[in-house]
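1. Okay, sequence plus prediction incoming.
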Amino acid sequence: MLERFFHLKENGTNVRTEVIAGATTFATMAYILAINPAILSAAGMDFGRVFSATAIASFIATLFMALKANLPFGLSAGMGLNAFFAYTVCQGMGYSWRWALSAILVEGVIFLLMTFFNLREAIVNGIPASLKRAIGAGIGLFIAYIGLKDAGIIVADPEGTLSALSEEWFRGTAGLAMLGLVLTSALLLFKVKGALLLGIIGTTLMGIPLGVTHYAGGSYLPSAPYFCEFAFGEIFASGQSIFDFSMVVFTFLFVDMFDTVGTLIACAGKSGIIQPDGSIPRCRDALFADAVGTTAGAILGTSTVTTYVESSSGVAIGGRTGLTSAVTALLFLAALFLQPLFGSVPAAATSPALIIVGLMMMSPIRSINFEDLSEGLPAFMTIIMMVCASSISDGIMFGVLFYVAVKFISGRRKELQPVMLVLAALFILKTVVGLFT
């Protein structure tokens, strides 16, 4: 039955290989079950309920990928946008997590419609490549910054000195995080499968004698996820709220779209399924899996769901069909019963993973032409403002505005796509509205 459904022989694989590949992909992705609830807890959400929502949404999206697209890719809550959710929308802009979930639901529905009508390409083609790469790199730095801050490696210091930093480096959570960073880096250098997950486990264990790790306790029965906890009434409370909601939906949509497309291309390339004309078989079904996951995640109570580049770990050892992702999906479902263990993981153990994920997301920066100031300056402003302003959306806004301005100043306005002009106008309108509200 598995052979007929997944076409294993046709794809040069077998059940044993696919099962091992699926387990490997899960091992490299499972760190999200500890990190995502921890990040969304900063928005006021309950760790256990977000844990369940993350596991179930991952199961739904990855199983859809398996049964509909028959591709070996796993999906879960995306890194970067969960930070945008918690630290920018909720803490920075002051909106509730229900308001943010409402934005994710709208984004998911728009994503479904765009996929159905094949509209993604028009938007993707309208955004310059340099800004696409800069956004990914900027989010990577922002994630690394969050990891350093959560671990206490960097701290607020009104005097502007490094004394507060140096005194705490080898104490408590900061010292444990530094040890964890060394451990996780070593595992990656030796190409150990599931290095990030093993790094989190190892750091958590080291934290026991140091008094940092404490068993969370509680029932091994899954917590109930959130269900349809939206706040559309808050959205229409003011004109500023409506405008902010539109900008947040756009940011979720924009980042999720490019993240998914880029990951699909990367993983498909590793699996050798890209066709001579550059197309990916059943790509539309794969994009639907992403959209379904995001919509389901919003309903259950978690941030946007996207295809994971860690899927390449399973592909690398032979995963070629949806059976690989079906195994990954089932393991996410089984993980529902391990919440107390994941809840015992301290911030010092997840911080090294955040820092290293940030490093991994920096790779697109190599393709940005910084010698061309009209490309390099907007890209740089995108990256630096995301970190310094602690806001992904502000980084995108500065990048878009500088890109349009520099192209006009340099007499290269013909290089601007209509999408960029519309975005610039919207960001200018947002700024003007903000001045008078």
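-> Nice, I can see it. Numbers count the residues shown, from 1 in each chain.
2. Give me the buried positions along stretch 198-215.
-> By 16 or more other C-beta atoms under 10 Å, the buried positions in stretch 198-215 come out as Leu198, Gly199, Ile200, Ile201, Gly202, Thr203, Thr204, Met206, Gly207, Val212, Thr213. Quick note: C-beta positions are derived from backbone N, CA and C, even for glycine.
3. Greatest separation within these: which pair is it?
-> Pairwise distances among the buried residues of stretch 198-215 were taken by C-beta to C-beta; the largest, 18.2 Å, belongs to Leu198 and Val212.
4. Check which helix or strand Gly152 maps to.
-> For Gly152, there is no helix or strand it lies in under DSSP states H and E.
5. what about the spatially closest residue to it that is not a sequence neighbour, how many neighbours?
-> In space, not counting the residues next to it along the chain, Gly152 is nearest to Ala174; the distance is 4.2 Å by C-beta to C-beta, 6 or more residues apart in numbering. Burial measure for Ala174: 22 neighbouring residues, criterion other C-beta atoms under 10 Å.
6. OK, contacts around Ala174?
-> Contact partners of Ala174, counting by C-beta atoms under 8 Å, 6 or more residues apart in numbering, are Ala151, Gly152, Ile153, Glu168, Ala348.
7. quick one: pLDDT of the fourth one?
-> At Glu168 the predicted local distance difference test score is 51.
8. Ok, the second one next?
-> At Gly152, the pLDDT value in this model is 80.
9. Quick check: phi and psi at it.
-> Reported as degrees, to the nearest 10, the phi and psi values for Gly152 are phi 80, psi 10.
10. can you give me how far the helix or strand where Ser185 lies is from the chain middle?
-> Here Ser185 sits within helix 172-189, counting by DSSP H and E. Helix 172-189 has its average C-alpha position 22 Å from the chain's average C-alpha position, going by C-alpha atoms, centre = their mean, to the nearest Å.
11. now the very next helix or strand once past it: mean pLDDT?
-> Towards the C-terminus, the helix or strand next in line after helix 172-189, according to DSSP H and E, is helix 195-206. Within the predicted structure, the mean pLDDT of helix 195-206 is 89.
12. A strand includes Thr306, no?
-> Yes: under DSSP: H, G, I helix; E, B strand; the rest coil, Thr306 falls within a strand.
13. Quick check: the closest residue to it other than its chain neighbours vs Ile135, distance?
-> Residue nearest to Thr306 in three dimensions, not counting chain neighbours: Gly78, with 3.8 Å by C-beta to C-beta, 6+ apart. With distances taken as C-beta to C-beta, to the nearest Å, Gly78 is found 13 Å from Ile135.
14. pLDDT weak spots in the stretch 51-200 of the chain?
-> For the stretch 51-200 of the chain, applying pLDDT under 70 flags the ranges 120-125, 156-171.
15. mind listing the helices for it?
-> Taking DSSP state H, counting those that start in this stretch to define them, one finds helices in the stretch 51-200 of the chain at 81-83, 97-116, 120-126, 129-150, 163-168, 172-189, 195-206.
16. With that, I have no additional questions.
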